[in-house]
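*Asks:* Let's see this in three dimensions:
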Amino acid sequence: MRISRNKVLYMTATVLILILALMFVLAAVYRNERAVQYKALNKEEQTILTKVGKLLNLPKETPIISTVYDEKDFKQNQTFKDVKTGDKLIIYLNANQSILYRPSTNTVIDIAPVRAEIKTR
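*Replies:* Just a heads-up that it's a prediction; the model follows:
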């Protein structure tokens, strides 16, 4: 059985179109999941800022918010010596202020100036 050149060309084009369509669908699903994750993260950050805003007057800028995953990382840092895993570190760069917030007890543990340490050789 012999397959004509045109049939091979059409089959190859069909397979390529199917692959491209699959890639497009997967990319759309990935973008949608990333958007959902971003919205959930943004909502969590807004909730944290609302709670901390009830405890303190916060600067009028967008902060950087980070979660403490390992308190051992802070043991050498004397700024936040009472840090615990799960605490939130809220950093306001322009206001030169960092806030250590503990969501489990809804308390501000510490407030300190932002220190930038640059290590040179």
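
*Asks:* How about residues contacting stretch 81-93?
*Replies:* Defining contact as Cβ atoms under 8 Å, 6 or more residues apart in numbering, one finds that stretch 81-93 is touched by 48-49, 52, 58-59, 61, 63-71, 74, 80, 97-104, 109-110, 114. For the C-beta atoms, the positions are set from N, CA and C on the backbone; glycine is no exception.

*Asks:* so of those, which ones are in strands?
*Replies:* Ile64, Ile65, Ser66, Thr67, Gln97, Ser98, Ile99, Leu100, Tyr101, Arg102, Ile109, Asp110 (DSSP state E).

*Asks:* Show the contacting residues for the nearest residue to the last one once chain neighbours are set aside.
*Replies:* Spatial nearest neighbour of Asp110, chain neighbours left out: Leu100 (4.4 Å); criterion: Cβ to Cβ, 6 or more residues apart in numbering. Listed by Cβ under 8 Å, 6+ apart, the contact partners of Leu100 are Phe80, Asp82, Val83, Asp87, Lys88, Leu89, Ile90, Val108, Ile109, Asp110, Ile111, Ala112.

*Asks:* Alright, calling it a day.
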